[in-house]
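S.K.: Coordinates only, no sequence provided:
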């Protein structure tokens with residue numbers, strides 16, 4: 001175990017064990033009602049806006065002036081800790097129950113909606129240190145022991161959560177540990193910001209390319225033909241008939257893909273496979289996430305794996321008939337295409353688009369030569385973004401290793 005020392009070189013006292021309720025207090029998120037949204041603009045953080053370990057956004061609402069004082073006690077401050085008490089069970093990280101999030105300065109003054117609690121340490125304990133205590137694997141094990149609910153959705157009670165036991169050092173050592181790990185977090189945040197900036201640049205380029213505001217030319221300087229408008233159903237082979245499932249295969253479910261990357265590679269036996277495991281992929285296939293497609297869980301299968309790869313029927317399998325599947329894959333992420341998808345989605349809790357509706361969407365397709373130049377341009381962005389993501393993962397692994405060595 002890595003320990004810090006006092007400034008004079010002496011050791012700090014041994015760590016002592018406490019329950020969370022002994023060192024911290026909580027405030028439940030407020031159940032806002034429509035009648036509260038009248039005049040004064042405030043920002044509300046909902047559970048759906050909480051990322052795995054960060055806040056993605058805060059929604060602007062209007063709050064009646066005569067209600068403002070009532071809500072002051074709910075206002076968030078920098079370094080406050082938010083813990084979700086209701087949400088999905090792992091591995092659906094976007095809305096995970098028991099998720100721990102540290103409030104950054106930009107969310108000062110925001111209000112927290114229900115299904116989450118705000119946690120603050122009592123006097124003599126470091127708020128920044130407490131956040132890192134929750135990073136231990138034993139916290140995840142503890143969550144599993146107190147979690148209730150069904151196979152997909154879970155909930156935890158505050159009473160159970162505040163029974164969590166942890167080892168805590170003296171306040172001076174708490175602060176040194178928190179400052180050190182915060183510096184690592186700063187590096188991680190810089191990497192994340194670089195990725196976001198590159199992704200935004202790519203979006204801008206995509207808009208110009210797919211709107212034909214910018215056109216490539218042939219190598220001899222001549223113009224390429226005009227793009228041809230087609231319906232997806234005419235341009236693509238959709239959900240092609242596939243062979244039998246192998247005895248063992250890699251299964252891609254809706255939670256397996258994040259922005260084109262396969263984040264969860266599950267091996268499954270045919271006898272244990274769910275009924276929706278039906279779409280056997282061939283190299284170069286594209287799969288489109290048809291359930292909650294705004295999650296952008298679309299995937300291009302480009303690297304051969306050592307087992308058969310099968311996708312859920314929650315995906316629509318696509319192959320461009322006269323062109324490059326890599327071009328089709330990039331097109332699936334365009335704002336215009338996804339607006340067309342949103343229009344055709346049905347259902348409130350789990351909006352989805354069926355194959356027939358997707359087939360009706362019209363797309364503009366250039367000649368293969370221009371497709372290739374578009375793919376080369378956008379793939380260069382993808383490769384750069386992936387390099388940044390790989391570097392980010394290295395820093396996250398460094399942090400994970402430090403956490404394992406610094407905490408009891």
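M.R.: Structure received. Nothing here was measured: the structure is a model prediction, and the numbers come from that model. Numbers count the residues shown, from 1 in each chain.

S.K.: Can you give me the pLDDT of residue 115?
M.R.: Residue 115 carries a pLDDT value of 84.

S.K.: try residue 392
M.R.: Residue 392 is given a pLDDT of 94.

S.K.: burial count for residue 402?
M.R.: 17 (other Cβ atoms under 10 Å). All C-beta atoms are positioned from the backbone trio N, CA, C, and that covers glycine.

S.K.: which residues touch residue 362?
M.R.: 229-232, 340 (Cβ atoms under 8 Å, 6 or more residues apart in numbering).

S.K.: So what sits opposite it in the bridge?
M.R.: According to DSSP bridges, the residues that bridge with residue 362 are residue 231.

S.K.: Please enumerate the strands of the stretch 101-250 of the chain.
M.R.: Secondary structure of the stretch 101-250 of the chain by DSSP state E, counting those that start in this stretch: the strands cover 111-112, 116-121, 148-149, 153-155, 165-168, 228-231, 236-238, 248-252.

S.K.: average pLDDT across the first one?
M.R.: What that stands for is strand 111-112. Average pLDDT, strand 111-112: 80.

S.K.: I'd like to know how far residue 6 sits from residue 170.
M.R.: Look at residue 6 and residue 170: by Cβ to Cβ, to the nearest Å, they are 9 Å apart.

S.K.: Next, show the common contact partners of the two.
M.R.: By Cβ under 8 Å, 6+ apart, residue 6 and residue 170 have these common neighbours: residue 12.

S.K.: These two: which has the busier surroundings?
M.R.: Taking neighbours as other Cβ under 10 Å, residue 6 and residue 170 compare with residue 170 leading, 15 against 12.

S.K.: Which residues are in contact with the closest residue to residue 336 other than its chain neighbours?
M.R.: Leaving out its chain neighbours, the residue that sits closest to residue 336 by Cβ to Cβ, 6 or more residues apart in numbering is residue 210, at 6.8 Å. For residue 210, the contact set (Cβ under 8 Å, 6+ apart) comprises 331, 334, 336, 364.

S.K.: Kindly report the same for residue 205.
M.R.: Taking Cβ under 8 Å, 6+ apart as the contact definition, residue 205 lies against 214, 377-378, 381.

S.K.: Most neighbours out of these, which is it?
M.R.: Counting neighbours by other Cβ under 10 Å, residue 378 comes out on top of those with 21 neighbours.

S.K.: now stretch 181-197, how far from the centre of its chain.
M.R.: Centroid separation between stretch 181-197 and its chain, computed with Cα atoms, centre = their mean, to the nearest Å, is 16 Å.

S.K.: Other residues contacting it?
M.R.: Stretch 181-197 has contacts (Cβ under 8 Å, 6+ apart) with 128, 132, 385, 388-389, 391-392, 395-396, 398-399, 402-403, 406.

S.K.: hmm, which of those residues are the buried ones?
M.R.: For the contacts of stretch 181-197, a burial check counting by 16 or more other Cβ atoms under 10 Å picks out 128, 132, 385, 388-389, 392, 395, 399, 402-403, 406.

S.K.: Which of the residues you listed fall in helices?
M.R.: In this view, those that belong to helices under DSSP state H are 128, 132, 385, 388-389, 392, 395, 399, 402-403, 406.
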